[in-house]
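*Asks:* Take this sequence and fold it.
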Amino acid sequence: MGIRRLVRGKIEWPRIEAVVREIAERYDRNEVRVEFIDADNWLSTPCVVDDQWFVKITSDQNSLVHALFTSARNLGAFSSGTEGFFEHFAGPNEMAEHELEATKKMREIGLNVPAPIEAFEYDDLGVLVMEYLPEFETFEELSDEGMHDHASELFESLSRMHDNNLAHGDLRGENVLIANDEIYFIDATSVNEDRIDEARSYDLACALASLAPLIGARDAVMAAREHYSAEELLVAREFLDFVNMRPDHDFDAVTVKGEIEKLADAEDGEAS
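*Replies:* You can find the predicted model right below:
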């Protein structure tokens, strides 16, 4: 646990207080109420301000951890037979700026995301301010019926993102929220635009990996097929072993691969 705390880093309280005072001044508040998010977060210190703004404070240590994660993910991408497509940021402010811009782009194409407000640098910290969603559920918290109801919607939203030359890069259960009975994306990471095709296939593999343990491999693949071709699913299949290496995904890659192959074989048979 000590090593985890050391690697993750902790921003000194006076610096956090200074950031909060800056936010209060920016939004014309004499005082604000801050609630810190109790989460095992490696890449920022997240908090909620006045039940209105979701704020991420990012330090140099968070940026270093992101660089380590990025290197490990790119090594994993090589194991799938492709060059690495994840990108690192120059520093904490660049991390905040990227997430703001990625969220703006997703919002512009009609995807549901928390409203992006601003990103700024303060005392060598990156600060991201977004809309706070007071009530939401993750996929894991839905009923079985709710999981099946939203599975197709997840792939539909992901397909829209991909059709607009965007990729999420870190799609997992906790980064897909259900609010107002609709899908919301959060926490997009940075991918190389020159390797967007690989990143999109990786996104699709991550979505299958997230849903398969919840609704079953066959239902996950069939939901994906509503918005992706069999050929696209076969390409995503090549990333499933890579996704399965991640500690935040726990699924039966062999079963998911088998369902994709059965679907592709069935469609080939119908075509012939």
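*Asks:* show me where the stretch 1-150 of the chain has strands.
*Replies:* For the stretch 1-150 of the chain, the strands defined by DSSP state E, counting those that start in this stretch cover 34-36, 45-49, 53-58, 116-122, 125-131, 137-138.
*Asks:* so which of those strands gets nearest V20?
*Replies:* strand 34-36 (5.6 Å; Cβ to Cβ). Where you see a C-beta, it was placed from the backbone N, CA and C, and this is true even at glycine.
*Asks:* just for the stretch 51-200 of the chain, where's the confidence low?
*Replies:* In the prediction, the stretch 51-200 of the chain carries residues with pLDDT under 70 at positions 80.
*Asks:* ranges for the helices of it?
*Replies:* 60-79, 92-108, 144-163, 196-215 (DSSP state H, counting those that start in this stretch).
*Asks:* would TSV of those with distance to P116 and mean neighbour count be doable?
*Replies:* Listed next are these as TSV, based on distance: least, Cβ to Cβ, whole Å; neighbours: other Cβ atoms under 10 Å:
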stretch	distance to P116	mean neighbour count
helix 60-79	19	16
helix 92-108	4	20
helix 144-163	16	18
helix 196-215	20	24
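*Asks:* Reformat the ones you listed as a markdown table; add distance to A230.
*Replies:* Shown next, in a markdown table, are the helices of the stretch 51-200 of the chain (distance: least, Cβ to Cβ, whole Å):
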| stretch | distance to A230 |
| --- | --- |
| helix 60-79 | 23 |
| helix 92-108 | 27 |
| helix 144-163 | 14 |
| helix 196-215 | 12 |
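*Asks:* Out of the ones you listed, the one nearest M245 is which?
*Replies:* M245 sits nearest to helix 60-79 of all those, at 5.6 Å, using Cβ to Cβ.
*Asks:* same for that closest one, what does it pack against?
*Replies:* Identification of packing neighbours for helix 60-79 by 3 or more Cβ pairs under 8 Å, 6 or more residues apart in numbering; DSSP states H and E yields helix 2-8, helix 92-108, helix 240-244.
*Asks:* follow-up on the earlier one: in CSV, list the strands of the stretch 1-150 of the chain along with distance to R26 and mean neighbour count.
*Replies:* Below are the strands of the stretch 1-150 of the chain laid out as CSV (distance: least, Cβ to Cβ, whole Å; neighbours: other Cβ under 10 Å):
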stretch, distance to R26, mean neighbour count
strand 34-36, 14, 13
strand 45-49, 11, 19
strand 53-58, 10, 23
strand 116-122, 8, 17
strand 125-131, 8, 22
strand 137-138, 30, 14
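*Asks:* Save these as a markdown table, and put in distance to A266 too.
*Replies:* A markdown table is the format used below for the strands of the stretch 1-150 of the chain (distance: least, Cβ to Cβ, whole Å):
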| stretch | distance to A266 |
| --- | --- |
| strand 34-36 | 50 |
| strand 45-49 | 45 |
| strand 53-58 | 44 |
| strand 116-122 | 42 |
| strand 125-131 | 43 |
| strand 137-138 | 32 |
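*Asks:* I figured A209 was touching D248, is that so?
*Replies:* No: with contact defined as Cβ atoms under 8 Å, A209 does not reach D248; the gap is 9.6 Å.
*Asks:* Kindly reformat the helices and strands packed on helix 60-79 as TSV containing distance to L234.
*Replies:* Shown next, in TSV, are the helices and strands packed on helix 60-79 (distance: least, Cβ to Cβ, whole Å):
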stretch	distance to L234
helix 2-8	37
helix 92-108	26
helix 240-244	11
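*Asks:* which stretch among these comes nearest R26?
*Replies:* helix 92-108 (14.3 Å).
*Asks:* Which strands or helices does that closest one pack on?
*Replies:* Applying 3+ Cβ pairs under 8 Å, 6+ apart, one finds that helix 92-108 contacts strand 53-58, helix 60-79, strand 116-122, strand 125-131.
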